[in-house]
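Undergrad: Here is my input, please return the structure:
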Amino acid sequence: MDPTSYANALQQVMTWAKRRESRYVCAANVHMLMEAYDSPEFQRVVNAADLVTPDGMPLVWTLRWLGFRQQERVYGPTLTMHVLESANKEGIAVGFYGGTPITLEKLKSNLLMQYPGLNIAYSYAPPFRPLTMEEDEEVTNKINASEALILFVGLGCPKQEWWMAVHRGRIQAVMLGVGAAFDFHAGIKPQAPHWMQRIGLEWLFRLSVEPGRLWRRYLIQNPRFIYLVLKQFMRGKDG
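TA: Prediction:
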């Protein structure tokens with residue numbers, strides 16, 4: 001987890017993009033942290049990322065407790081808009097990988113209404129199955145040929161992080177794993193009110209919207225995370 005800010009994360013992403021560097025960025029929440037805790041392989045994927053931002057408020061509070069008193073939330077959907085605004089101003093081409101065809105069309109339409117000059121050089125909604133080696137090679141070549149220097153990846157955790165890790169060095173762009181940002185900015189799913197986000201209750205809002213899909217993530221993983229943080233706190237206190 002990197003103690004960063006929107007301004008610092010944006011500057012880093014834009015610097016990498018202008019240099020045409022192959023990098024990947026993870027926006028980490030409790031779900032991602034617990035996936036990494038349970039899987040050493042996935043832990044290596046997250047640890048190998050070029051930047052890991054504190055996407056969820058529980059992680060922000062934990063970083064503050066660890067000494068980073070001014071730590072702010074660097075939320076994937078909001079970081080997405082900061083990066084898009086900067087890319088639009090500087091004429092940097094962007095791409096989108098993930099979601100469904102309908103989501104991508106609505107997403108692009110909404111973004112072009114907000115940023116009429118935005119250069120969307122690539123978009124693709126992959127099938128809900130692993131790509132063959134030939135298909136993956138074709139996708140990689142098309143992304144590179146598009147000259148998109150920033151690629152937003154919306155496959156959901158942990159799929160998008162695995163995908164970015166496998167493609168670092170192959171795709172000449174900065175890849176940002178932004179999860180539900182595609183659905184939010186396309187208007188497919190509602191975002192939690194800002195007041196709920198500020199006090200760390202976004203999980204409750206999302207659970208009420210998608211209980212069947214998210215109940216395990218929030219009702220099992222969140223308490224485990226709290227237990228582990230308290231355990232670390234007590235260990236530090238005793239020491």
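Undergrad: Can you give the contact residues for stretch 23-32?
TA: Residues outside stretch 23-32 that contact it (CB atoms under 8 Å, 6 or more residues apart in numbering) are 1, 9, 13, 16, 46, 49-56, 58-59, 74-76, 79, 157-158, 161, 164-165, 167-168, 174-179, 203, 217, 221-222, 225. Yep, even glycine has a C-beta here, placed from its N, CA and C like the rest.
Undergrad: Next: stretch 154-163.
TA: Residues from elsewhere that reach stretch 154-163 (CB under 8 Å, 6+ apart): 24, 26, 29, 31-32, 35, 39, 42, 45-46, 49, 96-99, 126, 153, 177-183.
Undergrad: Show me the residues you listed that map onto strands.
TA: The strands, defined by DSSP state E, take in Tyr24, Cys26, Phe96, Tyr97, Gly98, Val153, Gly177 from those.
Undergrad: out of these, which are buried?
TA: Those of the ones in strands among the contacts of stretch 154-163 that meet the buried threshold are Tyr24, Cys26, Phe96, Tyr97, Gly98, Val153, Gly177, by 16 or more other CB atoms under 10 Å.
Undergrad: distance of the closest residue to the fourth one other than its chain neighbours from Pro116?
TA: Of all residues beyond its chain neighbours, the one nearest Tyr97 is Val153 (5.1 Å), with distances taken as CB to CB, 6 or more residues apart in numbering. Per CB to CB, to the nearest Å, Val153 is found 24 Å from Pro116.
Undergrad: now do Ser208
TA: For Ser208, the distance to Pro116 equals 35 Å [CB to CB].
Undergrad: and Leu10, what pLDDT?
TA: pLDDT recorded at Leu10 is 98.
Undergrad: So it, which state does it fall into?
TA: Here Leu10 is recorded as helix under DSSP: H, G, I helix; E, B strand; the rest coil.
Undergrad: Residues contacting stretch 207-223, please?
TA: With contacts defined as CB under 8 Å, 6+ apart, stretch 207-223 is touched by Val30, His31, Met34, Pro58, Lys189, Pro190, Trp203, Leu204, Arg206.
Undergrad: Likewise for stretch 190-197?
TA: Stretch 190-197 is contacted from outside by Met57, Arg73, Tyr75, Pro77, Phe184, Leu201, Glu202, Leu204, Phe205, Arg206, Val209, using CB under 8 Å, 6+ apart.
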